[in-house]
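1. Everything below, folded, please.
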Amino acid sequence: MRMNAYELSKIYKQKIKAYHDKKLQKQNFQPGQQVLLFNSKLRLHPRKLKSKWLGSFVIKEVRPHGAVELVDPTTGTSEKRWVLNGQRLKICNGGQLEKLTSVVYLNDP
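-> Next up, the predicted model:
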């Protein structure tokens, strides 16, 4: 009976691993791409409306086993570099966003 339980547990773990691996998305990063970085800081009171993604960074080098070297383009000549896991990144679709503001004046009737 114990051997049967071990066998069923082994089969269950294989099915769960196959399901999990099927849901993972393999991302192929190229040098020069713009990416966003996931902010993984744990905060006591997270802000609901604050974005969890920091960005936009440029990929300098793609290393084996999913490691990526990032460069902050806003620093200018003194390049600050980070080596991070590629799972914390997502591709930035689009460039700089233009912030528009509109003012509406209301008149009393």
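2. CA atoms for contacts and neighbours, from now on please.
-> OK.
3. How about the residue most central in space within the chain, nearest residue that isn't a chain neighbour?
-> With distances taken as CA atoms, centre = their mean, residue 89 lies nearest the centre of the chain, 3.2 Å away. Leaving aside its sequence neighbours, residue 89 sits nearest to residue 37 (CA to CA, 6 or more residues apart in numbering; 4.9 Å).
4. again with residue 54
-> Spatial nearest neighbour of residue 54, excluding adjacent residues (CA to CA, 6+ apart): residue 37 at 5.0 Å.
5. got the contact list for that neighbour?
-> Applying CA atoms under 8 Å, 6 or more residues apart in numbering to residue 37 gives the contacts 53, 54, 55, 56, 57, 88, 89, 90.
6. CA-only coordinates of the helix or strand that contains it in PDB, if you can.
-> Following DSSP states H and E, one finds residue 37 within strand 34-38. Provided in PDB are the C-alpha atoms of strand 34-38 (Å, rounded to 0.1, in the frame of the first residue of the first chain):
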ATOM      1  CA  GLN A  34      14.100  47.900 -24.500                       C
ATOM      2  CA  VAL A  35      12.600  46.100 -21.500                       C
ATOM      3  CA  LEU A  36      10.800  46.800 -18.300                       C
ATOM      4  CA  LEU A  37      12.000  45.500 -14.900                       C
ATOM      5  CA  PHE A  38       9.600  44.000 -12.300                       C
END
